[in-house]
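Engineer: model this:
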Amino acid sequence: MQSFIIVLTLLGVFLVKNVTPQVKSKADALSMTLSSLGFGGVLYGFSVSGSKGWGSTEVLISLAVGFIALGLFVWRQLTMENPLLELRVFTSPSFTLATVISMILMIIMLSAQLLLPLYMQTMLGYTALKSGLMLLPGAILICIMSPIAGKIFDKIGARTMVITGISLTVISALLFSNLTEHTSYTFLMVGYSLRMVGVSLTLLPVVTSGMNSLPPALIRHGIPVNTTLRTVAGSIGTALLVTIMTYSGGGLKQTGDVHSLIHGMNVASMVTTGAAVVALILSFFIRRKEEIPAEIPGRASL
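Structural biologist: Okay, here's the model as predicted:
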């Protein structure tokens, strides 16, 4: 793995070229501190809530510090001349819609990558190798489908693709909402692969659609905002789903009661299904053709 990362890093340094004008800017130390405290505090609070309980002082303090820091971070970004994250991109309804859908998709994708191996190893007795191999076809499919999805997007636009892709993720989530101790390896592999096909048909088109709705001057701000929120949503969402699974299953320490653990897994899958349905409903509000505005009011210079 380390060798693979080194090779990718070297390829990126020598082969990836800048395609947009470079603008020199100074990072705001206070903004970076507030964002670290905010996102870190919220993520930590959600992560440990499953083991320590929502009423734990540690959880409550962590969440309180996190949300307060995030509030201060947002206030600072809106009052700075050169913010770390230009939050006024959210004055574009299409960008906001695309960002919310992409955040839900990240939760759906990452939760499967975490919960399914946990289910297979803890509840079905598979080895880490076998549970990892179960994910392999889905990973291969998303690599194959992503460039194909880009070409389809150029021809038909985002709306139809996103609706189709999210529909597949809803079906996949439903399949994982009724797991048992006898669920087959093939069933899990096919269900996960179906989800990855749905994500590959959806994620790139919806993000591109959101970026296309921004005026050119704001695209360089929209990319980091969308990427940041997708990453944070994926982290917090998976932590929350693990917490739901733990509580619903009576605690992962009770390894003898496989039925209760599987029940927790099914409850987490039903929550994932609900999130996928919300994303599907939102996808119908994606415009068939975006009209790029000349500018977004609210800041004299970007």
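Engineer: mind checking how far the helix or strand encompassing T9 is from the chain centre?
Structural biologist: If you go by DSSP states H and E, T9 is part of helix 2-15. Taking CA atoms, centre = their mean, to the nearest Å, one finds helix 2-15 lying 25 Å from the centre of the chain it belongs to.
Engineer: by contact count, what packs against the next helix or strand after it?
Structural biologist: Counting by DSSP H and E, the element after helix 2-15 in chain order, helix or strand, is helix 29-52. Using 3 or more CB pairs under 8 Å, 6 or more residues apart in numbering; DSSP states H and E as the contact criterion, the elements in contact with helix 29-52 are helix 57-79, helix 216-248. C-betas here are computed from N, CA, C, even on glycine.
Engineer: Deepest in the core, which of the ones you listed is it.
Structural biologist: When you average the neighbours per residue for each of the helices and strands packed on helix 29-52 (mean count of other CB atoms under 10 Å), helix 216-248 leads with a mean of 19.
Engineer: Against which helices or strands is that helix packed?
Structural biologist: Checking 3+ CB pairs under 8 Å, 6+ apart, helix 216-248 ends up next to helix 29-52, helix 93-122, helix 185-212, helix 258-283.
Engineer: Report the angle between it and helix 29-52.
Structural biologist: 20 degrees (axes from the mean of the first three to the mean of the last three CA atoms, to 10 degrees).
Engineer: got the angle between helix 216-248 and helix 93-122?
Structural biologist: Helix 216-248 runs at 30 degrees relative to helix 93-122, counting by the same axes, to 10 degrees.
Engineer: ok so, going back, now the helices and strands packed on helix 216-248 as JSON lines including mean neighbour count?
Structural biologist: Rendered in JSON lines, the data for the helices and strands packed on helix 216-248 read as follows (neighbours: other CB atoms under 10 Å):
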{"stretch": "helix 29-52", "mean neighbour count": "18"}
{"stretch": "helix 93-122", "mean neighbour count": "21"}
{"stretch": "helix 185-212", "mean neighbour count": "22"}
{"stretch": "helix 258-283", "mean neighbour count": "20"}
